[in-house]
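1. Just need the structure, nothing else, for what follows:
(one chain, ligands or ions: 3)
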Amino acid sequence: MSSVDLNARIPNNVDLKTDKKLQRALEKWLPCYQSWWGEVGPELAADKEVYLRTAVAVDKDGWAHFDYVKMPEYRWGILLADAVPDRKIGFGDHYGEPAWQEIPGEYRNMLRRIIVTQADTEPASVEQQRLLARTAPSLYDMRNLFQVNVEEGRHLWAMVYLLHGYFGRDGREEAEELLERRSGNADKPRILGAFNAPISDWVSFFMFTMFTDRDGKYQLLSLAESGFDPLSRTCRFMLTEEAHHMFVGETGVRRMVKRTCEVMKEFPDADPREHGAIDLATLQKYVNFWYSISLDLFGGEVSSNAADYFASGIKGRYREERQEDHLALEGCYVVPQLRDGKMVDVEVPLRNAMNEILRDSYVDDNQRGVDQWNKTLTQEGIDFKIELPHRRFNRQIGIYSDAEFDPKGNPLDAATWASRKDEWLPNEKDREYIDSLMKRVVEPGKIASWIAPPIRGINGNDFDFEYVRL
Ligand code: BYC
Ligand code: FE
Ligand code: FE
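-> Ligands and ions are numbered 1, 2, ... in the order given. Down below sits the predicted model:
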């Protein structure tokens, strides 16, 4: 088991003190990171103590330490999962060769691009969530927001370590630019679409942590397969933290569903909005929006980039070890495409379909979560099912982006889409209503009208624990 140097200025298990040049470079980046955090990180709580977990080791049990910390003093560390001895590349043209400890020259640009893209999402999400503490529905939720924020900050550190450690000067430049782009900024936006969408209310926050953080899970899983071993080890440890982010989203939505059911049972003839709850139709629209924008994050269905990443051993499939054929040179993947108004099956060489194959696993995983929400609806005796819209619905990236589709995946003409999209996606009135609910509740044990309390609190504490000392 590697040991973590917790007293270093930058806590790490990569023996930073023996590489003075890298250590200096990262220590120079540290104040830039801190001022970025101060400028666009979570508002409101800089001087408040928050009950947070900090990664202090990389073994499965006992990797996290819980205590009160002020967020600017959080110990953002560089932690890589332990090396697998004699690890071999598990797929692509280099299948069976020893994993790389340094970057192969011919793949340098590709790798840098993928690491920068991954890195860019982490600070983006912190920026997107910046103002949410203002309207937290409970102290418990406020704490979870901050937990997610500090860990996304750590994920940025994880990627910046790779950029500084393995890419020299251009890596350092990329690391600087990561602190210069801004979510939603027209001149210097974040790289991927979903990371420029505002998250100005908590319904969006829960949908984002359910659907968008889950893209993170699948991208990290496929990068954990990478032949570039430091990237693989970094991603493996990031996945440990990711589980809680998706837990926040999945249970957050489930708690909203539960609250709505309670109100519907108490006032069967009223609109839940009259009693400060979120009607299920509106929740469904937020699902439609955040799910579809997150599907875009997997890239095009047919992608030569994805084929190159796979061929070169940079980015594999989800759980590559479960596959029988690790070369993927034979066989096809069928992707339905719109031709003259009809869906037609088109065969795509397997390597070019890697984005779609990963998206398949992601879709299934989301369905499992949605089934949990529907279980709550059944338990509460409410006759409604939340559904994931079809993957063709509302897409901005890929082969379905130049046509319109309804939530069942049927093609639509532009006029029908324009006249009906307000039924499927949050419209101005829906957003106004959601905004009107966003009021801060911070008394320990109290909660806003539109969401049920969690079944249990964090780290064995109760819901009414003082998670943030305001
Ligand atoms: N928005 O061949 P294509 C997370 C671009 S989330 C804008 O179809 P490719 C987190 C693409 O760059 C996980 N542009 O796609 C979650 C390309 O541009 P060029 C983040 C997009 O390259 C919550 C063009 O379209 N990690 O960690 O196969 C909170 C055609 O590209 C988008 C990663 O993404 C988009 N949605 O795949 C915090 C992993 N999609 O070449 C954190 C690293 C595509 O024409 N990234 N484009 O200029 C990748 O593996 C790939 O870059 C992608 C795209 C899967 C994203
Ligand atoms: Fe992350
Ligand atoms: Fe995350």
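2. Give me every residue in the stretch 201-350 of the chain lying close to ligand 2.
-> Within the stretch 201-350 of the chain, the positions lying close to ligand 2 (Cβ under 5 Å from the ion) are G216. Just so you know, the C-beta spots here come from the backbone N, C-alpha and C atoms, and that holds for glycine as well.
3. Would you map the helices across the stretch 201-350 of the chain?
-> With DSSP state H, counting those that start in this stretch, the ranges of helices along the stretch 201-350 of the chain come out as 202-207, 213-224, 229-266, 280-295, 304-312.
4. On the C-terminal side of whatever helix or strand A119 lives in, identify the next helix or strand.
-> Using DSSP states H and E, A119 falls within helix 108-128. Next along the chain after helix 108-128, taking DSSP H and E as the criterion, comes helix 139-166.
5. does that following helix come close to ligand 1?
-> Yes. Judged by Cβ under 6 Å from any ligand atom, helix 139-166 and ligand 1 are in contact via E152.
6. Can you name every helix or strand that that helix contacts?
-> Identification of packing neighbours for helix 139-166 by 3 or more Cβ pairs under 8 Å, 6 or more residues apart in numbering; DSSP states H and E yields helix 20-40, strand 49-55, helix 108-128, helix 168-178, helix 229-266, strand 468-469.
7. who's in contact with the fourth one?
-> Translated: helix 168-178. Helix 168-178 is touched from outside by 25, 29, 32, 112, 116, 119-120, 123, 156, 159-160, 162-165, 167, with contacts defined as Cβ atoms under 8 Å, 6 or more residues apart in numbering.
8. And for the first one?
-> In this structure, residues lying in contact with helix 20-40 by Cβ under 8 Å, 6+ apart are 9-10, 16-17, 46, 71-72, 76, 78, 123, 126-127, 130, 153, 156-157, 160-161, 164-165, 172, 175-176, 179, 182.
9. What distance do you get for the spatially most distant residue from the centre of the chain to E380?
-> Note on the chain: the largest C-alpha distance from the chain mean falls to D269, namely 38.2 Å (Cα atoms, centre = their mean). D269 is 17 Å from E380, where distance means Cβ to Cβ, to the nearest Å.
10. Please pick the buried ones from the contacts of helix 168-178.
-> 25, 29, 112, 116, 119-120, 123, 156, 159-160, 162-165, 167 (16 or more other Cβ atoms under 10 Å).
11. what residue ranges in the chain are flagged as low confidence?
-> Scanning the chain with the threshold set as pLDDT under 70 gives 1.
12. most centrally placed residue in it?
-> By Cα atoms, centre = their mean, the most central residue of the chain is D213, 1.8 Å off.
13. Excluding residues flanking it in the chain, which one is nearest it?
-> H245 (4.1 Å; Cβ to Cβ, 6 or more residues apart in numbering).
14. what's the answer for Y51, then?
-> Closest to Y51 by Cβ to Cβ, 6+ apart is Y467, at 4.8 Å.
15. I figured the one you found hits E49, correct?
-> No. Here Y467 lies out of contact with E49, judged by Cβ atoms under 8 Å, at a distance of 9.8 Å.
16. Between those two, tell me which one has more neighbours.
-> Y467 (26 against 17; other Cβ atoms under 10 Å).
17. Contact partners for that one?
-> V50, Y51, L139, Y140, M142, R143, P444, G457, I458, N461.
18. Can you get me a residue count around G341?
-> 8.
19. Who are the contact partners of the closest residue to it other than its chain neighbours?
-> Once flanking residues are discounted, G341 sits nearest to P411: 6.2 Å by Cβ to Cβ, 6+ apart. P411 sits next to L338, G341, K342, M343, A403, E404, F405 when contact means Cβ under 8 Å, 6+ apart.
20. Write the ChimeraX selection for whichever of the residues you listed are buried.
-> This is the ChimeraX syntax for the buried subset of the contacts of P411, where burial follows 16+ other Cβ under 10 Å:
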select :403,404,405
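21. so which pair among the contacts of P411 is furthest apart in space?
-> Farthest apart among those by Cβ to Cβ are K342 and E404. That separation is 14.8 Å.
22. Go through the residues of this structure and report the one nearest to ligand 2.
-> H155 (3.6 Å; Cβ to the ion).
23. how near is the nearest residue to that residue once chain neighbours are set aside to G216?
-> Using Cβ to Cβ, 6+ apart and skipping residues adjacent in sequence, the residue nearest H155 is E122, 4.2 Å away. E122 sits 9 Å away from G216, going by Cβ to Cβ.
24. And V253, by the same measure?
-> In terms of Cβ to Cβ, V253 sits 17 Å off from G216.
25. same thing with I455?
-> Distance from I455 to G216, by Cβ to Cβ: 25 Å.
26. Counting neighbours, go ahead and name the busier of the two.
-> Neighbour count, other Cβ under 10 Å: between I455 and G216, G216 has more, with 25 against 10.
27. Now the more buried one: closest residue in space, sequence neighbours ignored.
-> E242 (5.8 Å).
28. so who does the one you found touch?
-> E242 touches D213, G216, K217, L220, counting by Cβ under 8 Å, 6+ apart.
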